[in-house]
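Undergrad: predicted structure and sequence below. I'll ask about it afterward.
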Amino acid sequence: MTPTRPLAVGVTPMETRREVIREVAVHAERCGYSAFFVAEGWGHDASVLLAEIALRTTRIQVGTGVLNVWGRSAATIAMLATSLDSLSDGRFLLGLGAGSPQLAEGLHQVPFAAPIDRLATVTTEVRRLLDGQQPEPSAAGRARSLQLAVRPAHRIPIQLAALGPRAVRLSGELADSWSPFLLPISGLAGSAQLLAEGAARLPGKAIPRICPAVPVAVSADPDQAAAQASWWVAFYLTRMGPLYRDALRRTGFGTEADLVVAAGPPPRGGTARLAAGAEVLLDELTVHGDAAQARAGLDRWYRAGAEMPAIVLPPNQPLDDLLQTLESLRPADLPAPTPAPADAGAW
């Protein structure tokens, strides 16, 4: 793997062990990873976890990967970003996404209507507030618009998670970076064109950096790694609504997606393999295998156009296994990290 290429680490909302997230983030910094992302779903408040991580690290970028735009107003998101950026000494990256009906309606009790429009509105308002401007006046109220009392010392980057064509174009128009999850590697090139089309809507707008979030499954036993990778694919296609199935159909993998859905949700423990006709999805959607195979798989993502991929760690795995995955894929230009002292990271 080329030494200078940036690489990030992410955890899913299903990883709810606060102490594990903290230790993984600290170890990721020791290993030379560029960024650490915490996704927010129905568990911990991501900003609280990131505050703890920011206080225990000094170099690694920290970010939301991602916040949905239904659970907070644009103003509370902007205040969250400003506070975390100050706490981390300028290392914060704000990741936003449209979420899902289950998150919007099942958790936040907000109708899931026009999600791309919602993402556009919230992103635009957050950007205005972070840049020191007032929000657009509310049609429903007569109070004057306010600016943030605390201003970030520099421009906080915004990263959008998007899969559909319209959402990807929106990312090109509004975002500094774009982070699709479970997008086939063969679909990166077409999406890059959509990003360029979106960026062209604004004179002088740079095309966002391409930062796909890629599930990983690393084990000395390649069969075990393939089973874990199969769990990633089967779980998200059968338990997380139609978003990812639709993305696969748009990119030419509808038959394979239907095979996975027909087989039903994966059993606990990640021991089942995808049907033979669907196994192409393992290489399209994940990085898996033993250490050498996984590093080769990661190289494929860079060659396909990824600029800072984020390896997404499987939830609820033993901490030692997660740390070993970080060791297996750590940036190649750094020596192996030295063990931390027993009181490392204490406040």
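TA: Received it, and whenever you're ready, just let me know what you need.
Undergrad: could you list the domains of this protein?
TA: Using automatic domain parsing, the domain parsing of the chain gives 8-137+146-219+290-329, 221-286.
Undergrad: mean neighbour count and mean pLDDT added to these, as JSON lines?
TA: Placement of C-beta: from N, CA and C, glycine included. Converted to JSON lines, those look like this (neighbours: other C-beta atoms under 10 Å; pLDDT from 0 to 100):
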{"stretch": "domain 8-137+146-219+290-329", "mean neighbour count": "19", "mean pLDDT": "96"}
{"stretch": "domain 221-286", "mean neighbour count": "18", "mean pLDDT": "93"}
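Undergrad: isn't Leu285 right up against Leu182?
TA: Yes: contact criterion C-beta atoms under 8 Å: Leu285 and Leu182 qualify, at 5.4 Å.
Undergrad: find residues that contact each of these two.
TA: 215, 233 (C-beta atoms under 8 Å, 6 or more residues apart in numbering).
Undergrad: using the three-state scheme, assign Pro135.
TA: Put simply, Pro135 is coil when judged by DSSP: H, G, I helix; E, B strand; the rest coil.
Undergrad: show me where this protein has its strands.
TA: 8-11, 35-38, 61-64, 67-68, 92-97, 158-161, 177-178, 209-210, 213-218, 287-289, 310-313 (DSSP state E).
Undergrad: identify the residues contacting Phe181.
TA: Counted by C-beta under 8 Å, 6+ apart, Phe181 has contacts 161, 163, 212-213, 312.
Undergrad: repeat the analysis, applying 6 Å as the threshold.
TA: The contact partners of Phe181, taken as C-beta atoms under 6 Å, 6 or more residues apart in numbering, are Ala213.
Undergrad: from Trp70, how far out is it?
TA: 18 Å (C-beta to C-beta, to the nearest Å).
Undergrad: cool, Glu284 as well?
TA: When Glu284 is compared with Trp70 (using C-beta to C-beta), they lie 30 Å apart.
Undergrad: is it correct that Gly187 is in contact with Phe253?
TA: No: using C-beta atoms under 6 Å, Gly187 makes no contact with Phe253, being 9.0 Å away.
Undergrad: so Leu285 touches Pro180, yeah?
TA: No: the pair Leu285 / Pro180 is not scored as a contact, 10.7 Å apart, by C-beta under 6 Å.
Undergrad: please name the nearest non-neighbouring residue to Ala75.
TA: Distances taken as C-beta to C-beta, 6 or more residues apart in numbering put Leu129 closest to Ala75, at 6.4 Å, once the chain neighbours are dropped.
Undergrad: equivalent analysis for Ala54, please.
TA: That would be Ser88: by C-beta to C-beta, 6+ apart, it lies 3.9 Å from Ala54.
Undergrad: go through the strands of the chain and name the closest to Leu274.
TA: strand 287-289 (11.4 Å; C-beta to C-beta).
Undergrad: in its sheet, what does the closest one sit against?
TA: strand 213-218 (parallel) (DSSP bridges).
Undergrad: other residues contacting the strand it pairs with?
TA: Contacts of strand 213-218 (C-beta under 6 Å, 6+ apart): 10, 179, 181, 225, 228-229, 232, 286-288, 294, 309-312, 325, 328.
Undergrad: quick one: that strand to strand 92-97, angle?
TA: 100 degrees (axes from the mean of the first three to the mean of the last three C-alpha atoms, to 10 degrees).
Undergrad: with just CA atoms, put strand 213-218 into PDB.
TA: Presented in PDB, the C-alpha positions along strand 213-218 are these (Å, rounded to 0.1, in the frame of the first residue of the first chain):
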ATOM      1  CA  ALA A 213     -17.000   3.900   4.100                       C
ATOM      2  CA  VAL A 214     -16.100   0.200   3.500                       C
ATOM      3  CA  PRO A 215     -17.000  -2.600   5.900                       C
ATOM      4  CA  VAL A 216     -14.000  -4.800   6.800                       C
ATOM      5  CA  ALA A 217     -13.600  -8.400   7.900                       C
ATOM      6  CA  VAL A 218     -10.100  -9.400   8.700                       C
END
